[in-house]
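S.K.: Structure for this input, please:
(one chain, ligands or ions: 1)
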Amino acid sequence: MAEISGTAMPPPSGDKQDEASERLWVLFVTAVIVLLVAMVVYTSVHLGFHPPSQVETIDSTSLHQGGEFSEANLGTVIGPDGSAVVRVVAQQYAFIPNCLVVPAGKPVTFRLASADVVHGFIVEGTNVNAMVVPGYVTTVHTTFENPGERLMPCHEFCGIGHQAMWAHVRIVEASRFPADADKQKAVNCAS
Ligand code: CUA
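M.R.: Numbering: from 1, shown residues only. This is a model prediction of the structure:
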């Protein structure tokens, strides 16, 4: 039985092995921490992964009644510099519009709002991955380098139809963008 007292017990002799193994564990844990911090730095600096830092609120119950996320504004608008802003409403169980068209090689800003519950969206093969929380506008900046078609599923369980909630992102050459885009009208794949 070990003696219980208020004073620290001197280490029993012959415990060099324990001490060595403890040092090894300290080294190992330190190495893991250094590795994890290095991964965070690498992904944020080199791959451009960032947590959302901007908080912008919106009344999710009246999106359809006008304002930025009214139906006519949904889709892609091209700015004078060729960059794109894509406005999307996420609701049970669809993204509106459900096919987005964006220019390749130009800065693209996604702005999403939820009309009901928490949704998520991810554009496959890219670093676009965010949640859409009712009451807030989700803003994501990215650039798609190559033309192509990518899936954009909802990745946050949002109800019984969750697995059927997804959209397409069609990346086209900037020069082949729908002509309507010049008129500051929001466009989507159907335009
Ligand atoms: Cu929307 Cu899952």
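S.K.: What segments of this protein are strands?
M.R.: Remark: strands assigned in the chain by DSSP state E are 75-78, 84-91, 94-96, 99-103, 107-114, 119-122, 129-132, 138-143, 148-153, 166-172.
S.K.: okay if I get those strands as JSON lines plus distance to Gln184, mean pLDDT and mean neighbour count?
M.R.: Quick note: C-beta positions are derived from backbone N, CA and C, even for glycine. Formatted as JSON lines, the strands of the chain follow (distance: least, C-beta to C-beta, whole Å; pLDDT from 0 to 100; neighbours: other C-beta atoms under 10 Å):
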{"stretch": "strand 75-78", "distance to Gln184": "6", "mean pLDDT": "92", "mean neighbour count": "24"}
{"stretch": "strand 84-91", "distance to Gln184": "10", "mean pLDDT": "95", "mean neighbour count": "23"}
{"stretch": "strand 94-96", "distance to Gln184": "19", "mean pLDDT": "95", "mean neighbour count": "19"}
{"stretch": "strand 99-103", "distance to Gln184": "15", "mean pLDDT": "94", "mean neighbour count": "23"}
{"stretch": "strand 107-114", "distance to Gln184": "15", "mean pLDDT": "95", "mean neighbour count": "22"}
{"stretch": "strand 119-122", "distance to Gln184": "25", "mean pLDDT": "96", "mean neighbour count": "24"}
{"stretch": "strand 129-132", "distance to Gln184": "25", "mean pLDDT": "93", "mean neighbour count": "18"}
{"stretch": "strand 138-143", "distance to Gln184": "20", "mean pLDDT": "93", "mean neighbour count": "16"}
{"stretch": "strand 148-153", "distance to Gln184": "24", "mean pLDDT": "96", "mean neighbour count": "15"}
{"stretch": "strand 166-172", "distance to Gln184": "18", "mean pLDDT": "94", "mean neighbour count": "19"}
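S.K.: Which of those strands sits closest to Leu24?
M.R.: strand 129-132 (37.4 Å; C-beta to C-beta).
S.K.: can you tell which of the strands of the chain is closest to Trp25?
M.R.: Trp25 lies closest to strand 129-132 among those, at 34.8 Å (C-beta to C-beta).
S.K.: Tell me the strands beside that closest one, with direction?
M.R.: Here strand 129-132 is paired, per DSSP bridges, with strand 119-122 (antiparallel).
S.K.: any weak-confidence spans in the protein?
M.R.: Residues of the chain meeting the criterion pLDDT under 70: 1-14, 49-54, 178-183.
S.K.: who in it is up against the ligand?
M.R.: Within the chain, the positions adjacent to the ligand are 119, 154, 156-158, 162, 165 by C-beta under 6 Å from any ligand atom.
S.K.: Quick check on those: which are buried?
M.R.: Listed as buried from the residues of the chain next to the ligand are 119, 154, 156, 158, 162, 165; burial here means 16 or more other C-beta atoms under 10 Å.
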